[in-house]
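1. got a predicted model here, sequence first, then my questions.
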Amino acid sequence: MWKHCPHTQLGWIDVYYRADHPQTDFKRTPSGRIGIGLSARDTRWAQYSFQFAHEFCHALANFSNNPQQLVRYPRRANLWLEESLCENGFSVRFAGYDPLMADVASLSRLAELRSVAQRLCRAATRATGTSSPAGKSFLVWFQENQAALRQNSDRRDRNTIIAIQLLPIFEAEPRGWQTVAFLNRGSFNAEASLAQFLGEWRSQCPDHLRPFVNRLAAVFAVKLERLQKTE
């Protein structure tokens, strides 16, 4: 993910253990580092990688090019989109499986470790198990679930379904990961519609990245108004 963001600045990261759940801290450490807490323990290497990749994407969305001590990361109606992006990832081929999430994708880098390989395959297989809503088109499923997503952004089963829809776009254009750095840079409206949120995100991106946000918006049948400059 990071290698596709050559013009993005992100501070040093401190990783620490927390017993409750993984989390990217809203406040930097006293030394100015980004704090990421992981709940994985012992030799559960796959779990460490799952959790860190997900939280790294949150760090990219909230701390990129941002030297502030605190970041704005409140609950908002469209937080499910950030959570889904954190479940997503560039295409990685591993042992015959197509990992579908950022956390899964990062695990391919550990493929040389034979003691971990079987665990990674099982994890990738579990990820593919929620790849599509049974008997429904994605848009029908999304229309039925959008209100629930706006109320609760933490349902990983729903977020994974969305992530899988976004995956081909990131596969085709991995530099699109750069857009995540601008996700939370615009004006804040906790109850913004999806179209408003996507439009604000696109407006914060450099010109050459704005068409990528258009392609993501099209997944949800959202057509954004054209900006003054040609995209």
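-> Received, thanks. Residues are numbered from 1 along each chain as shown.
2. show me where this protein has helices.
-> Along the chain, the stretches classed as helices by DSSP state H are 45-63, 79-87, 102-106, 114-128, 138-151, 156-172, 194-204, 210-219.
3. for residue 19, which of those is the nearest?
-> Closest approach to residue 19 among the helices of the chain is made by helix 45-63 (13.0 Å; CB to CB). Placement of C-beta: from N, CA and C, glycine included.
4. between the closest one and helix 79-87, how many degrees?
-> Between helix 45-63 and helix 79-87, the angle comes out at 130 degrees (axes from the mean of the first three to the mean of the last three CA atoms, to 10 degrees).
5. packing partners for helix 45-63?
-> Applying 3 or more CB pairs under 8 Å, 6 or more residues apart in numbering; DSSP states H and E, we find helix 45-63 packed against strand 13-17, strand 23-24, strand 34-38, helix 79-87, helix 102-106, helix 114-128.
6. quick one: mean pLDDT for it?
-> The average of the pLDDT scores along helix 45-63 is 88.
7. buried ones in it, by neighbour count?
-> 45-63 (16 or more other CB atoms under 10 Å).
8. and what of stretch 207-219?
-> Residues of stretch 207-219 classed as buried by neighbour count (16+ other CB under 10 Å): 209, 210, 212, 213, 216, 217.
9. which residues does the first one contact?
-> When contacts are counted by CB atoms under 8 Å, 6 or more residues apart in numbering, residue 209 touches 175, 176, 178, 179, 182.
10. can you put the residues you listed in a markdown table and add distance to residue 165 and neighbour count?
-> Shown next, in a markdown table, are the contacts of residue 209 (distance: CB to CB, whole Å; neighbours: other CB atoms under 10 Å):
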| residue | distance to residue 165 | neighbour count |
| --- | --- | --- |
| 175 | 19 | 15 |
| 176 | 14 | 22 |
| 178 | 20 | 20 |
| 179 | 16 | 23 |
| 182 | 21 | 22 |
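11. quick one: which of the residues you listed is nearest to residue 27?
-> Nearest to residue 27 out of those is residue 182 (CB to CB; 21.5 Å).
12. where's that closest one relative to residue 41, distance?
-> 35 Å (CB to CB, to the nearest Å).
13. cool, and residue 54?
-> Separation of residue 54 from residue 41 (CB to CB) stands at 17 Å.
14. again with residue 194
-> Shown here: residue 194 relative to residue 41, a distance of 37 Å by CB to CB.
15. look at the two and report which has more neighbours.
-> Neighbour count, other CB atoms under 10 Å: between residue 194 and residue 41, residue 194 has more, with 19 against 10.
16. where does pLDDT dip in the chain?
-> 72-74, 88-134, 227-231 (pLDDT under 70).
17. how about 80 then?
-> Low-confidence segments of the chain (pLDDT under 80): 45-46, 69-75, 88-135, 226-231.
18. picking up where we left off before, and the helices of the chain as TSV, adding distance to residue 26?
-> Converted to TSV, the helices of the chain look like this (distance: least, CB to CB, whole Å):
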stretch	distance to residue 26
helix 45-63	8
helix 79-87	13
helix 102-106	20
helix 114-128	28
helix 138-151	21
helix 156-172	20
helix 194-204	20
helix 210-219	25
